[in-house]
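Colleague: sequence and predicted structure are below.
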Amino acid sequence: MDEVRIGIIGSGFMGRTHAEAFAKYTRGGRLVGVYGGSRSEELARDYSMNVEQSLTSLLERSDVDAVLITTPQNVHVEQVIEAARHRKHVLLEKPMGVTLEECRAMNNACKDAGVNLMVGFTQRYRRGNIEAKKIIDSEQIGRIRMIRETMIVVDGSNAYPAWQRKGENRGTLLGYGVHSIDRIRWFTGNEVQSVMAHCVSPEGVEAEYSTMLFLRLTHDQSASLLCDMECPAPGFPNSGFHSWIIGDRGIIDLDAYGELRVGINGTWEQVFRQAPIDWQKEGKFAPARMQSYQDQNQEFIDSILEQRQPAVTGLDGEKAVEVALAAYESSQLQRSVTLPLAV
């Protein structure tokens, strides 16, 4: 195989984002068809794809090697399992699913079918995060002791799709905060042992919209996460994906969409600064935004062509979902919850 032919399941904002990434920012992949959503015909026209009327018809196409799934998380399990049954590789938008049983079923189906399952954690591909990971792995700041993460979206309750408000999709910690959960796992290289959390929902909304989360990890590390989608304007500066990392020899101040600074021997040094995303002039496909999708989707293509596992696997997706579900359980029970969760 010298080319990966791709079908898209879901035609919303993320479906279009990935279509743009595959069509204009990657090599070795080609868009073929799309199924699902009210905007499928428009997406197909804009990216020279065929529109399919059913999931089965898309998956039965002999010219589709892999699928991108960008639908709400409550339908991921049936779509991934069906894709695996048709021997199609899968790039799955986070979160992986809404239960641990679903995540394991998807992982097992793809493993049994011999196809790749990659979960879309684009924070691993933002350049500032990559540079921070290099610093951590080189032990410049020593062993990580603590991490403080913030993921705050100003007026986020109005920024996200209506389906995210439904209880069947659980909430925004699962829907979006899993990015930060995965970043903590990735930075430390360790697993979460216990979770303590308080989750709240706006009046009249089924899903959780704000969570304060405390994580205890292996090797005596700890992390906190403030995931808030209800913050009023003007919001706090540099709080979208911000991390303070405390090592035993140095510290890191990381804004995933801005500046990366390292503090060693009492002095700050700027290591990296991302170009700002100009939403007004460049729109939703601003190169600074698309960079992480470009690199992530290229990794997906390369993993198939090179017949290897992708850098981010279904297990990574499962672990992040497990932590989010433990947070919901902790909030409900008003106590700490130990991992792994019982299935």
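Modeller: On my side now, so go ahead. Residues are numbered from 1 along each chain as shown.
Colleague: now do the SS call for the closest residue to Val195 other than its chain neighbours.
Modeller: Spatial nearest neighbour of Val195, chain neighbours left out: Ala326 (4.1 Å); criterion: Cβ to Cβ, 6 or more residues apart in numbering. C-betas here are computed from N, CA, C, even on glycine. At Ala326, secondary structure determined by DSSP: H, G, I helix; E, B strand; the rest coil is helix.
Colleague: give the contact list for Ala326.
Modeller: Each residue near Ala326 by Cβ atoms under 8 Å, 6 or more residues apart in numbering is listed here: Val192, Ser194, Val195, Ala197, Val337, Leu339, Leu341.
Colleague: list the contacts of the fourth one.
Modeller: Meaning Ala197. By Cβ under 8 Å, 6+ apart, the residues touching Ala197 are Thr211, Met212, Leu213, Phe214, Ala326, Ala327, Tyr328, Ser330, Ser331.
Colleague: check what pLDDT it gets.
Modeller: With respect to pLDDT, Ala197 scores 98.
Colleague: nearest spatial neighbour of it, skipping sequence neighbours?
Modeller: Spatial nearest neighbour of Ala197, excluding adjacent residues (Cβ to Cβ, 6+ apart): Ala327 at 3.7 Å.
Colleague: repeat for Arg39
Modeller: Closest residue in space to Arg39, ignoring its immediate chain neighbours: Ser11 at 4.2 Å, by Cβ to Cβ, 6+ apart.
Colleague: how many other residues sit next to that neighbour?
Modeller: By the criterion of other Cβ atoms under 10 Å, Ser11 has 24 neighbours.
Colleague: check Arg16 too.
Modeller: Neighbours of Arg16 under the rule other Cβ under 10 Å: 20.
Colleague: I'd say it and Leu43 touch.
Modeller: Yes. Counting by Cβ atoms under 8 Å, Arg16 does reach Leu43; the two are 6.0 Å apart.
Colleague: sorry, back to before: tell me how far the residue nearest to Val195 lies from Leu173.
Modeller: Distance, Ala326 to Leu173, by Cβ to Cβ, to the nearest Å: 11 Å.
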